[in-house]
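Student: dropping a prediction and its sequence here:
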Amino acid sequence: MSAPLDSGRAQTYRGRLAPSPTGLLHQGHARTYRVAGRRAKDAGGVLIYRDEDLDLERCKAEFSRAALEDLARIGLEWSEGPDVGGPCRPYRQSERGAIYRDMWNRLRSSGWIYPCEQSRRKIRETIAASGAARPATKAGGGPGLDLDLAEARLMDPVFPPELRPPVMRAPDFRANNPYLRVPEPGDINWRFRVPDGEAINFVDGRRGRQSFRAGRDFGDFLVWRKIADMPSYEFAVVVDDHLMGITEVVRGADLLVSTARQLLIYRALGWTPPEFYHCDLVRDDDGRRLAKRHDSVAVRALLDGGASVELFD
């Protein structure tokens with residue numbers, strides 16, 4: 001496995017485009033990627049293309065090809081990627097399994113992760129049975145959730161700490177962790193045990209100071225999925241962004257909470273995180289954010305219909 005790219009963080013800006021080929025790109029994707037392209041260009045840096053095709057059931061080769069074509073059509077250029085190569089190859093996540101497994105071993109040896117047999121149904125039932133309302137917090141520390149974050153919460157409810165294995169409930173769980181010598185992920189999910197009550201703070205390039213509290217705004221999260229024996233999104237992007245020398249991550253505001261989770265992984269592995277810049281989401285006339293599952297208008301359909309690239313700014 002290759003060592004982390006020496007990007008010269010203080011000298012060279014390295015941004016990235018990271019589409020997931022589960023469908024055709026829509027206008028919201030295009031706007032975010034155009035921002036990423038501009039920020040890389042304005043910084044005199046480089047742009048990397050990474051195909052985030054981990055979801056083997058939903059990701060399709062035709063969508064990977066379409067994303068490459070559509071992003072080129074809206075004026076984006078990259079110097080590294082699956083179509084052009086580069087020093088950080090492979091640039092398709094589906095081809096980076098050995099890298100992720102090696103990094104899983106490093107994360108497991110840090111004592112922060114544990115095997116979890118709890119199903120989504122069990123998690124939902126436990127949350128419902130507890131009757132405990134999860135406090136709503138707005139990014140930046142104020143009361144209330146903004147719309148982007150509220151939707152993210154609905155999609156990913158806080159994992160109930162009472163479902164942790166008994167050993168992971170103890171204050172000294174890292175000192176007495178029985179999983180430190182487990183050699184392989186095996187046929188089971190693995191979760192990151194969050195430090196309950198700790199505020200995870202960072203400054204976002206667009207939204208300013210952000211603060212999320214572990215155990216309240218997010219709970220123990222998946223880092224390895226037994227389905228397909230592959231890493232979760234949270235874990236894979238941290239590994240890839242670090243090894244590819246990314247200095248700034250540009251993405252949608254629905255991933256603000258993900259940033260807090262990912263900062264914990266960076267810390268557990270002893271890595272310096274990149275900067276973050278979260279763009280506002282594009283919404284339809286009914287206030288719904290554009291999404292593949294909502295059959296949003298595809299970038300290529302808009303371009304084929306005569307739309308100019310300025311539509312995506």
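Tutor: That came through, no problem. Numbers count the residues shown, from 1 in each chain.
Student: when you work out contacts or count neighbours from here on, use the C-alpha atoms and nothing else.
Tutor: Noted.
Student: which stretches of the stretch 151-300 of the chain form strands?
Tutor: 189-192, 199-204, 208-213, 221-225, 230-231, 248-252, 275-279 (DSSP state E, counting those that start in this stretch).
Student: how far is the first one from where the chain is centred?
Tutor: Taking the mean C-alpha point of strand 189-192 and that of its whole chain, the gap between them comes to 15 Å (Cα atoms, centre = their mean, to the nearest Å).
Student: cool, the fifth one as well?
Tutor: Distance, stretch centre to chain centre, for strand 230-231: 13 Å (Cα atoms, centre = their mean).
Student: what pLDDT, on average, does that strand get?
Tutor: Strand 230-231 shows a mean pLDDT of 95 in the predicted model.
Student: what's that strand packed up against?
Tutor: When contacts are defined as 3 or more Cα pairs under 8 Å, 6 or more residues apart in numbering; DSSP states H and E, strand 230-231 packs onto helix 97-109, strand 221-225.
Student: touching it from outside, list them.
Tutor: Strand 230-231 is contacted by residues 54, 97, 100, 223-225 when judged by Cα atoms under 8 Å, 6 or more residues apart in numbering.
Student: same question for stretch 85-94, mean pLDDT?
Tutor: On average, stretch 85-94 scores 97.
Student: hang on, the earlier thing: output the helices and strands packed on strand 230-231 in JSON lines; the columns should cover distance to residue 181.
Tutor: Output for the helices and strands packed on strand 230-231, formatted as JSON lines (distance: least, Cα to Cα, whole Å):
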{"stretch": "helix 97-109", "distance to residue 181": "7"}
{"stretch": "strand 221-225", "distance to residue 181": "17"}
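Student: quick check: buried residues in the helix or strand hosting residue 16?
Tutor: Per DSSP states H and E, residue 16 falls inside strand 14-17. Neighbour counts using 16 or more other Cα atoms under 10 Å place 14-17 of strand 14-17 among the buried residues.
Student: could you do stretch 180-200 as well?
Tutor: Neighbour-count burial for stretch 180-200 flags 180, 185, 188-195, 199-200 (criterion: 16+ other Cα under 10 Å).
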